[in-house]
Structures are given as structure tokens and as C-alpha cells.
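Student: Quick one: sequence and predicted model below, then my questions.
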Amino acid sequence: MSNERGFMDKIWLFFKGLSMGAANKVPGVSGGTVAFVLDFYEELIYSFKKVNVNAFKLLFSGRFKSFYQYTNATFLLLVMGGSMFSYFSVSIVLDFLIRNYELYVWSAFFGMVLGSIYYIGKDFNDFSTKNILSIIIGIVIGVSISLMSPAKENDNLWFVFFCGIIGVSGMTLPGLSGSFILILLGNYVLLLVDSVNMLYKTIIDIFSGNFDFFQDAVRMRYLKIVAVFTGGSAFGLVVTSHILGYVLKRWHQIVTAIIIGFITGSLGIVWPWKREIYKTENGLLLHDFNGDKVIENYQRYMPDITLKETWIAVIFILVGVGLLLVLDQYSKRTKAS
């Protein structure tokens, strides 16, 4: 992979990173699926695989230019920079839209996931027994995960590190929503809401010259959690990318079949028509750092076709599917040129 890229290519890569980062924060949506659809998944895995012993040898020997080229650093910096930036920009917009237009946002997501099944499966033509079995296994795993009940919040740092490894899996495994897995582990609010908000406040304090947060035990606790979670995420990215690189190279069709099945089985996670079931303790509703009620799970139901909002939601589903079809055409033209 080359580090020589045009200006517009760099802007597009940053946009891809924004999209992947925003998707990773939304329960039920996989950043890996976005990477697959926007046609940079294989380069993402390839680049993470380059963070290895040879890379660190180049770095510690002072061969910085060789290290930069070896690790495909231009690509990684743009994509991961966009992904991180989205946590304080695009994800805020998404949070607003979900709060105010929840049904329509989830409808668009549902359509995008439907479109991604087509996108990933359109070139899949090997329906051998083992691949059909792989699809079924993927569906069973996806459905099982979507029906699991969340655990309780746990801020043990070893568990937080483990959550980092699991949470980042959405970047490397298409169809697996890392944020939804964090909900199941009970730490979504702690790691992707409370801790991120505390980090954001800390960054603002630092730029304004206010360092009083060092005396704030609660703030320091959250910053420690953020640091450990980030470490686990970095570790998970490198390790899972090496495993996936090995697996994809040797069993590409089987892995693709499992991914197709898994995404299909996970459709229940992004089903638009659902009611929140809130977490309680001793009969009282639990609230997060922002004062919002903590969602424990969802109760899904069939839509009422007599309602206007149902048909608007259907339109958004079609828009989501259409977006993927447009991206598919864009990808074909890019490859052709």
C-alpha cells in the first residue's frame, strides 16, 4: 500500500474514518461494516497487521521514514483521526438525531444494514455445504447476541481493558457492533458516554489553562478508565487484525459466509420499531452522567401500518438501502478508473 495520496483522496479517507467512528458508537451498527461498504476494510486490516515487531525495530532504530512507510501511516492517521474526531463531532449530531428522531434514524440504519448484506453478498457465489453451514452459524450467533440481556456496570480496570478489546471489534469484524457488545457487558454508558464526556471536559479545561481537575477524584477515575479502555482498544485492534489477516487469507469464502450470516442475524439489533426497557435498582430508574435513563434492553414490535410515521420510516429504510447502492456504484467507478 502506498503512502502517496492525492488531496481529495486524503479528504475522502478522513470522511471514511468519520463514518466508521460514528458507526462504532451507535449500538447495533458496525464500523467494520462501514469499512467493508466504503471499500477500505482490507487495507485497514493490512495496515493494522503492519504494527508488528518489524515496525518497532524501525521505530527504535531511528528509521522514522521507513517506519512511516512500512505501517501505511498516512492511511492509518487519516482514518483513525477521522474516527476519533467523530466522537466529539459526528457522534454528537447522531446523539441529537437519535434523541429527537429515533425511529427514522434506526430506520435508516436498518436500511443500511440491509444494503450492506447485499453489498457483501453480491459477489459471493460459492454455495457449497460448508459455506451454507457457515452462513447458518453466523445467523445463529447474530440472533443469539441480539437476544442477550445486559450485565451490570463494572469499572474494574482489567475488565475495562477487556472491554476495550471487545469494543473495538466492531472496527475489524463487519456486522459485529462493538458498542452493542459493550451494552451487553454493562459498560456502554461508563465507557462511551460518561468517560467520553469527562475526557471532553478535561480537554476543554486544559486548553483554558484550568488544571483543577487533578484534585477531582471522580474526574481522575474516569480519565484512568479512558486510558485503560484506549489501551485495550489499541491492543485489540492489533491482535484481531493479525488474526483476521491470517483467517481471511486462508478461508476467505468461509469468513465472508459467516459475516453475511452474522449481519443477517443481527438485524434485530437495529430493528426500528422497539421500546426501551430501562435499568432499575431497588425499584428506582438508573440514570447516567447526563441524567438520562439507562437502557437495559429493547422490546421489539411490529409497526402499525395505519400510522403516517410508519411510512416515513419505510422511506428512510429505502434511503438507507439506496445509500449503499450508490456507494456500490461509486466503488465500481473508482475501481474502473
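Tutor: Yes, it's here.

Student: Kindly list the longest helix within this protein.
Tutor: Scanning the chain for the helix with the most residues, using DSSP state H, yields helix 217-250.

Student: what is the mean pLDDT for that helix?
Tutor: What helix 217-250 shows for mean pLDDT is 85.

Student: Give the buried residues for it.
Tutor: 219, 222-223, 225-226, 228-230, 232-233, 236-238, 240-241, 244-245, 248 (16 or more other Cβ atoms under 10 Å). Yep, even glycine has a C-beta here, placed from its N, CA and C like the rest.

Student: So which elements touch it?
Tutor: Helices and strands touching helix 217-250, as assessed by 3 or more Cβ pairs under 8 Å, 6 or more residues apart in numbering; DSSP states H and E, comprise helix 41-49, helix 157-167, helix 169-172, helix 195-207, helix 252-265.

Student: Recalculate using a threshold of 10 Å.
Tutor: Judged by 3 or more Cβ pairs under 10 Å, 6 or more residues apart in numbering; DSSP states H and E, helix 217-250 is in contact with helix 41-49, helix 73-86, helix 157-167, helix 169-172, helix 178-184, helix 195-207, helix 252-265.

Student: Compute the inter-axis angle for the second one and helix 41-49.
Tutor: Interaxial angle of helix 73-86 relative to helix 41-49 (axes from the mean of the first three to the mean of the last three Cα atoms, to 10 degrees): 100 degrees.

Student: Which elements pack onto helix 73-86?
Tutor: Using 3+ Cβ pairs under 10 Å, 6+ apart: helix 73-86 touches helix 7-25, helix 31-37, helix 41-49, helix 64-70, helix 90-100, helix 169-172, helix 217-250.

Student: Please identify which of those helices is closest to residue 114.
Tutor: With Cβ to Cβ as the measure, helix 31-37 is the member of those nearest residue 114 (11.3 Å).

Student: before we move on, the earlier item: the helices and strands packed on helix 217-250: which one's closest to residue 130?
Tutor: So among the helices and strands packed on helix 217-250, helix 252-265 is nearest, using Cβ to Cβ, at 6.5 Å.

Student: Please save the CA atoms from the closest one in PDB.
Tutor: Output of helix 252-265 as PDB, limited to C-alpha atoms (Å, rounded to 0.1, in the frame of the first residue of the first chain):
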ATOM      1  CA  HIS A 252     -11.900 -16.000   2.700                       C
ATOM      2  CA  GLN A 253     -15.100 -17.600   1.500                       C
ATOM      3  CA  ILE A 254     -16.000 -19.200   4.800                       C
ATOM      4  CA  VAL A 255     -15.300 -15.900   6.700                       C
ATOM      5  CA  THR A 256     -17.400 -14.000   4.200                       C
ATOM      6  CA  ALA A 257     -20.200 -16.500   4.600                       C
ATOM      7  CA  ILE A 258     -20.100 -16.100   8.400                       C
ATOM      8  CA  ILE A 259     -20.100 -12.300   8.100                       C
ATOM      9  CA  ILE A 260     -23.200 -12.400   5.800                       C
ATOM     10  CA  GLY A 261     -25.000 -14.700   8.200                       C
ATOM     11  CA  PHE A 262     -23.900 -12.700  11.200                       C
ATOM     12  CA  ILE A 263     -25.100  -9.400   9.800                       C
ATOM     13  CA  THR A 264     -28.400 -11.000   8.800                       C
ATOM     14  CA  GLY A 265     -28.800 -12.400  12.300                       C
END
